[in-house]
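>>> No sequence on hand, only this structure:
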């Protein structure tokens with residue numbers, strides 16, 4: 001299916017006049033440069049002193065301040081690598097939890113037949129329309145009674161319980177595109193539902209898994225509210241909470257150091273996205289999320 005779409009796009013592209021293709025490429029380049037401007041401004045500001053970040057309006061700094069990077073790395077109560085490791089731990093476990101729990105739930109909705117399947121699927125889709133902040137107080141009270149405050153459990157356990165309807169829906173759509181004859185063949189070979197999922201369905205769901213992993217990585221890495229709500233020990237802080245410490249409402253904020261560490265914190269996200277971009281496009285193209 002993906003190959004056929006690629007051939008159709010290539011054939012249509014060949015029919016376009018060369019001038020139209022050049023104009024299209026120029027337009028896309030201009031839009032891409034416009035979208036890259038915030039990142040370019042961030043890099044430029046990370047090389048300016050805190051006093052000149054908002055007064056030196058040019059992208060090329062008049063006075064270079066590369067010392068923002070070593071100062072930003074060590075100016076907080078903990079070295080910045082502590083916050084990077086904390087975020088990586090939470091992101092890695094969150095990805096593992098979402099892939100495991102959401103894939104099992106999606107397999108049940110997409111391939112199994114049981115009473116109330118459509119009703120439960122509709123209820124699951126309904127959770128996607130529920131604002132997350134509606135559950136903030138109930139979840140906080142629950143985690144407080146469980147004694148999980150100031151730990152990573154409130155940030156990790158929900159990912160292992162298939163609480164994100166979007167990822168379940170994405171995987172359901174992908175699994176529905178797989179031929180049902182695969183299940184029949186596995187059943188003839190003596191495979192039960194779980195073994196069919198593990199041996200047959202899961203290896204074919206790599207694009208959907210990669211898409212879920214990338215979305216989870218970006219969402220969890222950039223999450224600010226929940227770590228702020230549940231974590232009080234600075235040694236447990238994630239990268240967004242660490243960046244917030246550079247800002248001082250009463251004194252002088254360390255803008256140069258904050259922008260330098262902001263650029264450092266973007267590197268894992270950009271690298272993970274580039275590594276999985278091929279699977280991301282394929283996963284979205286084959287799940288109907290256009």
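That came through fine. Please read all numbers here as calculations on a predicted model, not as lab measurements.

>>> OK, contacts around residue 121?
Applying Cβ atoms under 8 Å, 6 or more residues apart in numbering to residue 121 gives the contacts 109, 172. Yep, even glycine has a C-beta here, placed from its N, CA and C like the rest.

>>> pLDDT score for it?
What the model reports for residue 121 is a pLDDT of 93.

>>> and if you look at residue 113?
pLDDT, residue 113: 89.

>>> Distance check, it against residue 99.
Per Cβ to Cβ, to the nearest Å, residue 113 is found 24 Å from residue 99.

>>> Also residue 256?
Residue 256 sits 39 Å away from residue 99, going by Cβ to Cβ.

>>> One more: residue 176?
18 Å.

>>> How much space separates the closest residue to residue 62 other than its chain neighbours from residue 44?
For residue 62, ignoring the flanking residues on the chain, the nearest one in space by Cβ to Cβ, 6 or more residues apart in numbering is residue 56 at 5.6 Å. From residue 56 across to residue 44, the span is 9 Å (Cβ to Cβ).

>>> same thing with residue 247?
19 Å.

>>> Tell me which of the two has more neighbours.
residue 44 (16 against 11; other Cβ atoms under 10 Å).

>>> From the chain's centroid, how far away is the strand or helix carrying that one?
Assigned by DSSP states H and E, residue 44 belongs to helix 18-46. Relative to its chain's centre, helix 18-46 lies at 23 Å (Cα atoms, centre = their mean, to the nearest Å).

>>> Low-confidence stretches in this structure?
Within the chain, the ranges that satisfy pLDDT under 70 run 1-16, 249-252, 280-290.

>>> Who has more neighbours out of residue 113 and residue 99?
residue 99 (21 against 6).

>>> Spatially nearest residue to that one, not counting backbone neighbours?
That would be residue 209: by Cβ to Cβ, 6+ apart, it lies 5.6 Å from residue 99.

>>> buried sites along the helix or strand containing the one you found?
In this structure, residue 209 sits in helix 206-222 according to DSSP H and E. When burial is assessed from 16 or more other Cβ atoms under 10 Å, helix 206-222 yields the following buried residues: 207-217, 220-221.
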